[in-house]
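Student: My questions are about this predicted structure, shown below with the sequence.
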Amino acid sequence: MYFRLLEELPPLVIVAYRVTWALVFLLLVTAIGRRWSNVRRVLTVRRVGWLAAAAVLLATNWLTYVFAVTSGHVVDASLGYFINPLVSVVLAVLVLHERLTATQWTSVALAAVGVVVITASSGLVPWVGLVLAVSFGTYGLIRKRLDIGTVEGLTVETAVLLPAALAILLVSGSGLTGSGTTGSLPVPLLVVLLGPITALPLLAFGAATQRLPLTIVGMLQYICPTIILVLGLTVFDEPMTTGEWIGFGLIWGALALLTWTMVRRAGRPGSAVAPTEAA
């Protein structure tokens with residue numbers, strides 16, 4: 001909803017503002033919390049290298065999402081976050097060499113069939129959803145393996161992206177705060193508020209993963225794509241074909257099956273749900 005207020009700006013410029021003002025906000029959080037020593041501990045060659053790769057994935061995710069919101073692909077964006085848990089499971093198999101049960105493989109297969117049905121119905125590969133799912137799933141995998149605090153990691157990631165963001169703003173002539181109004185709201189105010197609007201959800205998610213069981217975190221994440229889908233269908237009045245409904249239905253079935261497996265495993269004495277499944 002917020003990005004729609006800035007739809008007159010190019011998506012690349014919006015992302016550049018997100019990076020710039022998110023970093024300003026995170027530096028304030030770091031200063032207030034006196035976390036400078038934690039940030040300095042992150043600054044090793046290995047960690048900064050991996051965080052730079054994570055930053056590129058995060059920027060790709062942000063750019064794709066902003067493009068989706070400002071160009072009438074909100075439903076496609078919801079698809080990306082619906083299939084993200086299943087992408088995480090596939091990455092766990094390919095990268096971490098984890099083994100899946102027959103039920104989990106069935107979930108992955110159902111989701112794949114759902115994507116094929118959506119592609120056949122619309123005549124186009126749902127690239128927006130696939131890019132969102134793969135970029136955020138891979139980002140989460142890198143961050144999981146680094147085991148770095150949310151504030152510290154996001155601060156370094158946005159700092160890595162800052163030179164590119166400033167170059168984009170300079171070339172576009174937009175300036176650090178932009179100018180003019182969109183509707184009845186001043187663009188500079190909307191731009192500056194992109195900082196906390198970008199950072200706070202990620203910080204809250206990091207805090208939630210430390211306080212809640214992973215099964216609960218995994219299921220709560222279905223709320224976000226559901227809200228996005230409802231907004232796409234109602235507020236933004238985007239159409240869905242019968243084939244797309246069938247495809248989404250297959251994906252929802254896959255998610256229900258995966259969630260049931262997670263809950264069942266979590267309920268066994270002495271068992272724990274793999275973080276990649278819940279994520």
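Tutor: Yep, it's here.
Student: What's the separation between S121 and W245?
Tutor: Separation of S121 from W245 (CB to CB, to the nearest Å): 9 Å. To be clear about C-beta, it is placed using only N, CA and C from the backbone, and glycine gets the same treatment.
Student: hmm, I was thinking of G173
Tutor: Look at G173 and W245: by CB to CB, they are 44 Å apart.
Student: So those two - more neighbours on which side?
Tutor: W245 (13 against 9; other CB atoms under 10 Å).
Student: Make sure that one is indeed in a helix.
Tutor: Yes. Applying DSSP: H, G, I helix; E, B strand; the rest coil, one finds W245 inside a helix.
Student: what sits against it?
Tutor: By CB atoms under 8 Å, 6 or more residues apart in numbering, W245 lies in contact with nothing.
Student: Can you tell me how far it is from S71?
Tutor: Taking CB to CB as the measure, W245 falls 22 Å from S71.
Student: for the stretch 151-279 of the chain, what spans make up the helices?
Tutor: In order along the chain, the stretch 151-279 of the chain carries the following helices (DSSP state H, counting those that start in this stretch): 187-192, 194-211, 214-220, 223-233, 242-266, 275-278.
Student: Pull out the buried positions in the first one.
Tutor: Of all the residues in helix 187-192, those buried under the rule 16 or more other CB atoms under 10 Å are V187, L190, V191, V192.
Student: Which secondary structure element is home to V69?
Tutor: helix 45-70 (DSSP states H and E).
Student: elements contacting that helix?
Tutor: Contacts defined by 3 or more CB pairs under 8 Å, 6 or more residues apart in numbering; DSSP states H and E place helix 45-70 against helix 11-33, helix 74-94, helix 127-146, helix 150-172.
Student: C-alpha coordinates for the second one, CSV please?
Tutor: Written as CSV, here are the backbone C-alpha positions of helix 74-94 (Å, rounded to 0.1, in the frame of the first residue of the first chain):
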residue,chain,number,x,y,z
VAL,A,74,0.5,-7.7,-6.8
VAL,A,75,-1.1,-11.1,-7.2
ASP,A,76,2.2,-12.4,-8.7
ALA,A,77,4.0,-11.0,-5.7
SER,A,78,1.8,-12.9,-3.4
LEU,A,79,2.6,-16.1,-5.3
GLY,A,80,6.3,-15.5,-4.7
TYR,A,81,5.9,-15.4,-0.9
PHE,A,82,3.5,-18.4,-0.9
ILE,A,83,6.1,-20.6,-2.6
ASN,A,84,9.0,-19.2,-0.7
PRO,A,85,8.8,-21.9,2.1
LEU,A,86,8.9,-24.6,-0.5
VAL,A,87,11.9,-22.9,-2.2
SER,A,88,13.6,-23.0,1.2
VAL,A,89,13.0,-26.7,1.4
VAL,A,90,14.5,-27.3,-2.0
LEU,A,91,17.6,-25.2,-1.2
ALA,A,92,18.0,-27.2,2.0
VAL,A,93,18.3,-30.4,-0.1
LEU,A,94,20.5,-28.9,-2.8
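Student: Many thanks, we can stop here.
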